[in-house]
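this one's structure only:
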């Protein structure tokens, strides 16, 4: 006999059955009893026992063959929705959604044995509360966005009448304070990475504020040595395809504003010309052993293989720790770039363009706490306006 329990929904009793299919996957099925909750508890229990006794699990193994209706298990609905959404979202977003569904969303709701129609706001709220014990509020907000989008589709296609996520209070977003290196730390790091595979990604991220995907995706065809420009128009990211992680090269950046052309300063022009000559020499020395798949890419190893995004993420903090430097994320080099620009009086709007942010508020929200010089200017203006004696305002101590 299969397991089962009674569940109240819209004032009626439902028999919720839980069983394993021929592949060992846990399935759930909701069976309406037709009995109102008030005054029918014993009758509903008797009906549940009879339903459990007579129930025969269907011989159905393919998830795609499970009817997409209100009785589909919630986790299987999410799987089906993700397949549908895959054609409308970016690969990186699809990978992120896949990872969140795989863990922690699937294990939590699979254990609950809920169906699509059975998921209530209280179930989702309880999920958030549990997750807040192990991850940040910002991470739970990502879960909230995914679940809201998935169930919004269920409402749109008339599978459920309302989106239960609309009734859930999402956590308050944590204020983000980025980590960054000062000029002494950056210069020390630059010295340590010289001649290593990290050299170009690190220097491009810290000086030009490039994202990891933009560093790895930078190509020789985007460098104009005659007009001294560097164009960010190509990215390489790690995405999930059919359950496997693969590297995806794309001519589309994170946002339209991410496509930008920056000046190729003399020190970087010299560095890139040197690296270009080295790559040609390595190709000559290695002969047929040299990988020719990535000839246009700048960040490659001595055998011509493109530097992996995951290698950067995993090895960078180990490199810092090994060399006695304060451990930060690779992405924090981008923040270090912005903080250096602010410290040297570059206006926030220009920093937005340099960093490739989609709108000014993104730049302001992240870096406003560092923009002390603008506050000094404002203070001096108030002193002058009120006719007060200005004795000079001390710079912010580091």
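All right, it came through fine. Remember, it's a predicted structure, so these values are computed and weren't measured experimentally.

CA atoms for contacts and neighbours, from now on please.
Will do.

Show the contacting residues for residue 81.
Counting by CA atoms under 8 Å, 6 or more residues apart in numbering, residue 81 makes contact with 150, 153.

In a helix, it, correct?
Yes. Checked against DSSP: H, G, I helix; E, B strand; the rest coil, residue 81 lies within a helix.

Next up, phi/psi of residue 236, please.
Torsion angles at residue 236 (phi, psi; degrees, to the nearest 10) stand at phi -130, psi 120.

distance of it from residue 39?
62 Å (CA to CA, to the nearest Å).

The two - which one has more neighbours?
residue 236 (23 against 9; other CA atoms under 10 Å).

Would you mind listing the residues in contact with that one?
By CA under 8 Å, 6+ apart, the contact set of residue 236 is 213-214, 216-217, 247-250, 309.

Buried among the residues you listed? Need that as a selection in PyMOL.
Buried subset of the contacts of residue 236, written as a PyMOL selection, criterion 16 or more other CA atoms under 10 Å:
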select buried, resi 213+214+216+217+248+309
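
Export the contacts of residue 236 to TSV and append columns for secondary structure.
TSV is the format used below for the contacts of residue 236 (three-state DSSP):
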residue	secondary structure
213	helix
214	helix
216	helix
217	helix
247	strand
248	strand
249	strand
250	strand
309	helix
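
Take the contacts of residue 236 and lay them out in a markdown table including pLDDT.
Formatted as a markdown table, the contacts of residue 236 follow (pLDDT from 0 to 100):
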| residue | pLDDT |
| --- | --- |
| 213 | 95 |
| 214 | 96 |
| 216 | 97 |
| 217 | 96 |
| 247 | 92 |
| 248 | 91 |
| 249 | 92 |
| 250 | 90 |
| 309 | 94 |
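
so what strands line up beside the longest strand seen in the chain?
Using DSSP state E, we find that the single longest strand of the chain is strand 26-36. Paired neighbours of strand 26-36 in the sheet (DSSP bridges): strand 12-20 (antiparallel).

on that earlier part again, I'd like the next helix or strand past the longest strand of the chain.
Sequence-wise, the next helix or strand downstream of strand 26-36 (DSSP states H and E) is helix 41-54.

what angle sits between that next one and strand 12-20?
Angle, helix 41-54 to strand 12-20, by axes from the mean of the first three to the mean of the last three CA atoms, to 10 degrees: 30 degrees.

helices or strands up against helix 41-54?
If you count contacts as 3 or more CA pairs under 8 Å, 6 or more residues apart in numbering; DSSP states H and E, helix 41-54 packs onto strand 3-9, strand 12-20, strand 26-36.

which parts of the longest strand of the chain are buried?
Those would be 27-31, 33, 35-36, for strand 26-36 by 16+ other CA under 10 Å.

mean confidence for it?
For strand 26-36, the mean per-residue pLDDT is 82.

ditto for stretch 345-362
The model assigns stretch 345-362 a mean pLDDT of 81.

Centre of the chain to that stretch, how far?
21 Å (CA atoms, centre = their mean, to the nearest Å).

Return the member of the buried residues of strand 26-36 nearest to residue 224.
Using CA to CA, residue 27 comes nearest to residue 224 of the buried residues of strand 26-36, at 58.5 Å.

I would like the residues contacting stretch 155-171, please.
Identification of contacts with stretch 155-171 by CA under 8 Å, 6+ apart yields 69-70, 116-117, 119-122, 124-125, 128, 137-138, 140-141, 144, 147-148, 151-152, 154.

Go again with 7 Å.
By CA atoms under 7 Å, 6 or more residues apart in numbering, the surrounding residues in contact with stretch 155-171 are 69-70, 117, 120-121, 125, 137, 141, 144, 148, 151-152, 154.

Kindly report the same for stretch 13-23.
Stretch 13-23 is contacted from outside by 2-8, 26-33, 35-37, 44, 48, 61, 113, using CA under 7 Å, 6+ apart.

again, 6 Å this time
Contact with stretch 13-23 is made by 2-7, 26-33, 35, 37, 48, as judged by CA atoms under 6 Å, 6 or more residues apart in numbering.

The stretch 251-398 of the chain: strands as residue ranges?
260-263 (DSSP state E, counting those that start in this stretch).

May I see the buried residues of stretch 265-274?
268-269, 272.

Same list as before, the residues you listed that is, but in TSV and with pLDDT and distance to residue 286 included.
Formatted as TSV, these follow (pLDDT from 0 to 100; distance: CA to CA, whole Å):
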residue	pLDDT	distance to residue 286
268	96	26
269	97	26
272	98	21
